[in-house]
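Chemist: Next input, structure requested:
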Amino acid sequence: MAGEELVRYLIHMWNYPMFLPLDPSSPFDLLVKGENDWITIQIKHSIQKTFRLKREGGGKNNRTYKTYQEGDFDYLFVCQFPYIYIVPWKSLKAVSCFTFSMYESYRHDLTDERTYINKVILEKEGKNERIIN
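Modeler: The predicted structure follows:
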């Protein structure tokens with residue numbers, strides 16, 4: 001939950017309008033009005049060097065895990081304080097596992113005030129589109 005709040009604060013500081021999906025089973029956590037299109041964002045948080053990048057489902061006693069598919073989200077925001085990684089779907093090297101060391105070029109320092117001033121431009125990329133009503 002802390003990761004989601006950090007991302008929402010950052011998106012707010014960048015002056016992007018944002019909305020939470022009404023359907024809790026959505027494959028994305030946040031819907032953002034980007035420069036020209038609606039952008040879907042998946043948010044994760046980890047203190048490990050690597051973690052499983054899977055969707056959780058099922059009930060209390062019956063957990064299921066699904067691999068994300070193209071079109072599930074446009075950007076992956078991963079928090080590992082004091083950093084946040086903002087990775088476009090097309091730049092993910094694996095869709096089932098995330099390793100922080102592989103995405104150093106996508107890392108932003110949350111203790112640097114420039115992170116909050118220098119807005120990351122969120123754009124829809126290629127065919128990774130989801131129809132949102």
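Chemist: which residues touch the helix or strand where residue 86 lies?
Modeler: Using DSSP states H and E, the element containing residue 86 is strand 83-88. For strand 83-88, contacts defined as CB atoms under 8 Å, 6 or more residues apart in numbering pick out 6-7, 10, 74-79, 100, 103, 106-110, 115, 120, 125. Glycine gets a C-beta too; all of them are placed from N, C-alpha and C.
Chemist: In strands, which of these fall?
Modeler: 75-79, 107-109 (DSSP state E).
Chemist: Let's have those in JSON lines, adding pLDDT.
Modeler: Output for these, formatted as JSON lines (pLDDT from 0 to 100):
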{"residue": "75", "pLDDT": "95"}
{"residue": "76", "pLDDT": "95"}
{"residue": "77", "pLDDT": "96"}
{"residue": "78", "pLDDT": "94"}
{"residue": "79", "pLDDT": "93"}
{"residue": "107", "pLDDT": "95"}
{"residue": "108", "pLDDT": "96"}
{"residue": "109", "pLDDT": "95"}
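Chemist: can I get the residues you listed in TSV with distance to residue 43?
Modeler: Shown next, in TSV, are those (distance: CB to CB, whole Å):
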residue	distance to residue 43
75	9
76	8
77	5
78	8
79	7
107	16
108	14
109	18
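Chemist: Low-confidence stretches in the chain?
Modeler: 1, 57-60, 126-133 (pLDDT under 70).
Chemist: change it to 80
Modeler: 1-3, 24, 35, 55-64, 125-133 (pLDDT under 80).
Chemist: longest strand of it?
Modeler: Assignment by DSSP E; longest strand in the chain turns out to be strand 38-45.
Chemist: Okay, angle between the helix of greatest length in the chain and strand 75-80 too, please.
Modeler: In the chain, ranked by residue count with DSSP state H as the criterion, the top helix is helix 2-13. Counting by axes from the mean of the first three to the mean of the last three CA atoms, to 10 degrees, helix 2-13 lies at 120 degrees to strand 75-80.
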